[in-house]
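Participant: need a structure here:
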Amino acid sequence: MNKEIRWKQRFQNFESAYQKLEKAAGQESYSEMERAGLIQFFEFTFELAWKTLKDYLESEGYVTKSPKETLKQAFQIGLLADGHTWMDALEDRNLLAHTYDEKTSLKVQGLIKKKYFPAMKSLYQALKKLS
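Facilitator: Residues are numbered from 1 along each chain as shown. Below is the predicted model:
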């Protein structure tokens, strides 16, 4: 499959997930179930974000093998404005996969709304221009 077509197809999936996260992140307050939904939207939007970046980078001739390598390379070429935010998001996404408690979910809810969603919005806008 043509690598340019592949990243654009992946971008469509990222776009759909991003729009769901955008809607969820726009809420003022959350029930326990809504917070769980927000976190779930964050997890799969993050997953699609790094995989879309990986596919885009491959279409540009770069080779990355892991989420961390992909995020670093995307930062180096200017697709990500704040590499530290994305590394923090990766760490929290990995933490959430193995831990779930009220304190952690409340902390991550705040991080998603204030830090991670704005970073994903910036990436979405950059990739939209390229697609």
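Participant: C-alpha only now, for contacts and for neighbours.
Facilitator: OK.
Participant: what strand or helix carries the residue nearest to the spatial centre of the chain?
Facilitator: Central residue of the chain (C-alpha atoms, centre = their mean): F46, 2.6 Å from the mean position. Element membership for F46 (DSSP states H and E) is helix 32-59.
Participant: what about that helix, distance to the chain center?
Facilitator: Centre-to-centre, helix 32-59 and its host chain are 4 Å apart (C-alpha atoms, centre = their mean, to the nearest Å).
Participant: tell me the buried residues in the helix or strand just after that helix?
Facilitator: The first helix or strand that comes after helix 32-59 along the chain, using DSSP H and E, is helix 67-76. Going by neighbour count (16 or more other C-alpha atoms under 10 Å), the buried part of helix 67-76 is P67, K68, T70, L71, K72, Q73, A74, F75.
Participant: rebuild those as CSV, extending it with pLDDT and distance to E4.
Facilitator: Formatted as CSV, the buried residues of helix 67-76 follow (pLDDT from 0 to 100; distance: C-alpha to C-alpha, whole Å):
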residue, pLDDT, distance to E4
P67, 96, 19
K68, 96, 22
T70, 97, 17
L71, 97, 19
K72, 97, 21
Q73, 97, 18
A74, 97, 16
F75, 97, 20
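Participant: of those, closest to L130?
Facilitator: Comparing the buried residues of helix 67-76 against L130 with C-alpha to C-alpha places A74 closest, at 13.6 Å.
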